[in-house]
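# below are the sequence and a predicted model; questions follow.
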Amino acid sequence: MDKFYPIYMYTPMPEMHNVMVPVTSGCSYQKCLYCDLNFRQKFHLFKLAEIEDYLRKEKIKYDNMRRSPKKFTLLEGNPLCVKASYLEAVFALIHKYFEVGYISMFARTSDVLHKTDEELLRLKAMGLDRLCLGLESGSDEVLSFHKKGHSVSDSIRACKKLERLGISYSVYIMLGLGGKELTLAHREGTAKLLNEIKPFEIVFVTTVIFKRAPLKDLVRAKEFTRLAIKDVLAEEIYILQNLENSTVIKATHKTNPLPLLAKFPEGKEDMLRKLKEYRDGNTEKELRKNEMRKWQVWSKE
C-alpha cells in the first residue's frame, strides 16, 4: 500500500477493517477550509493495471493466510467522483479475484447527485453498498463558511436518493465546526438534518485546527473561534438529545473529548449520561489536560 499512499491513507471509520483497494489518491474537491488531509496533493486516478496488480498480490496474500475477505473499500477521499464505467471496471477486477460481499467508499453529496439512478443501480448490482458521506453540518451558514461545496438540501437529496435506491450509507458530523460564532446554528441544524435521513451509522469527529489547513489563518484573524471542550460536549449532547433515529453512534474518534459507541435508541440515555458526567465532573482546565495527554499519545502511534 505504501506504493500508492507513502504517508497515510484516508478510509471511512465504519469500513476500516475491510480490504482497502487503491483507486484514487487525494480528494477531487480540495476546498474545505478545515481539511489538511490532502495538503498540496494533486488528485490522482490510478490505472486499472496498477489496481489489478495490487489485487492479484492481495489475493495471494490472503490465500496464504487461508482467509477469504468479502468486504472491500475503495480509496481515497471520494472515489465515487470517478466515471461510472471506470468504477464498474474496478468492481469487475475485485470480483475477478475475490468473492464480494459489498464494496464501500467515501463520497461527497455531489458525487451521489451527479450519478444517474441507472449508474448507481449498476454499481449496486456489482456490490456497491455502505457509502460514507461527509455531511459535516446541518447548517447552510456553517457549510458555506467552510466552503464545503454543498447545501443542507443537497445532503438531504443525496441521502434520500440512496435510500430510494436501496444503498445504505453512513455520515460524518464534525463537532465544533461552527466555532463559537455559529455553534447554535450548527447543533440545531445538524440535529434537524439527522432526523430527516436514515444512515446506518453516524460518525462524530471533533474539529481540529490543523497547521496546514486554511482554517488556521481564520483563527489567527479572529474570524473563527474554536469551541471550549465543554462547549463541544454541549453540542454533542444537544444533537444526541434531539436525535430520533434508529442508528449507531460512533464517537470513538481520537479527536472527540470522550470516545463512545452506542446503538440508538437503546443506548441513548446511557451515552448522554456519560457525556454529561464527563462535562460536569471536570473543569475546562482538567478537560484540556486530558486532551493534551491524548494528543501526546496519539503523536507517538
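On my side now, so go ahead. All of these numbers come straight from a predicted model, not from anything done at the bench.

# check this protein for me, the residue farthest from its geometric middle.
residue 64 (32.3 Å; CA atoms, centre = their mean).

# and the residue most central in space within the chain, helix, strand or coil?
The centroid of the chain falls nearest to residue 172 when counting by CA atoms, centre = their mean (4.3 Å). Secondary structure, DSSP: H, G, I helix; E, B strand; the rest coil: residue 172 is strand.

# quick one: contacts for it?
For residue 172, the contact set (CB atoms under 8 Å, 6 or more residues apart in numbering) comprises 132, 133, 134, 135, 136, 203, 205. Backbone N, C-alpha and C define where each C-beta goes, glycine included.

# is it in a bridge, and if so with what?
On the basis of DSSP bridges, residue 172 is bridged to residue 134, residue 203.

# for it, give its distance to residue 44.
The spacing between residue 172 and residue 44, counted by CB to CB, to the nearest Å, is 23 Å.

# cool, residue 31 as well?
According to CB to CB, residue 31 stands 17 Å off from residue 44.

# try residue 90
From residue 90 across to residue 44, the span is 15 Å (CB to CB).

# ok, residue 206 next?
According to CB to CB, residue 206 and residue 44 sit 29 Å apart.

# these two: which has the busier surroundings?
Neighbours were counted for residue 206 and for residue 44 using other CB atoms under 10 Å; residue 206 has more, 23 against 12.

# residue contacts, that one?
174, 175, 176, 232, 253, 255, 256, 257.

# change it to 10 Å
Contact analysis of residue 206 by CB atoms under 10 Å, 6 or more residues apart in numbering lists 173-177, 226-227, 229, 232-233, 235-236, 251, 253-257, 291.

# of those, select the buried ones using a ChimeraX command.
A single ChimeraX command selects the buried members of these (16 or more other CB atoms under 10 Å):
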select :173,174,175,176,177,226,227,229,232,233,235,236,251,255,256,257
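
# skip the chain neighbours and tell me the closest residue to residue 233.
The spatial neighbour of residue 233 that comes closest, neighbours along the chain excluded (CB to CB, 6 or more residues apart in numbering), is residue 279 at 4.2 Å.

# packing partners for the helix or strand that neighbour falls within?
Here residue 279 sits within helix 268-280, counting by DSSP states H and E. Counting contacts by 3 or more CB pairs under 10 Å, 6 or more residues apart in numbering; DSSP states H and E, helix 268-280 packs against helix 229-241, strand 247-251, strand 260-264, helix 284-300.

# make a markdown table from the ones you listed and add distance to residue 217 to it.
Formatted as a markdown table, the helices and strands packed on helix 268-280 follow (distance: least, CB to CB, whole Å):
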| stretch | distance to residue 217 |
| --- | --- |
| helix 229-241 | 22 |
| strand 247-251 | 29 |
| strand 260-264 | 32 |
| helix 284-300 | 22 |
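
# from what I see, residue 99 and residue 62 are in contact.
No: with contacts defined as CB atoms under 10 Å, residue 99 does not count as touching residue 62, sitting 11.0 Å away.

# so for those two, which residue has more residues nearby?
Counted by other CB under 10 Å, residue 99 and residue 62 do not tie: residue 62 has more neighbours, with 15 against 9.

# ok, and for the one helix or strand the more buried one maps to, which residues are buried?
Per DSSP H and E: residue 62 is located in helix 48-64. In terms of neighbour count (16+ other CB under 10 Å), helix 48-64 has its buried residues at 51, 52, 54, 55, 58.

# between those, which is closest to residue 7?
residue 54 (17.8 Å; CB to CB).

# grab the nearest non-local neighbour of the closest one.
Distances taken as CB to CB, 6+ apart place residue 22 nearest to residue 54, at 6.1 Å, with adjacent residues excluded.

# and of the buried residues of helix 48-64, the nearest to residue 83?
Nearest member of these to residue 83, counting by CB to CB, is residue 51, at 14.5 Å.

# just confirm the closest one contacts residue 4, I think it does.
Yes: assessed by CB under 10 Å, residue 51 is found in contact with residue 4 at 9.3 Å.

# find residues that contact each of those two.
21, 22, 23.

# please verify my assumption that the last one contacts residue 45.
Read that as residue 23. Yes: between residue 23 and residue 45 there is a contact under CB under 10 Å: 7.2 Å.

# so for the two, which residue has more residues nearby?
Using other CB under 10 Å as the criterion, residue 23 and residue 45 rank with residue 23 on top: 24 against 17.
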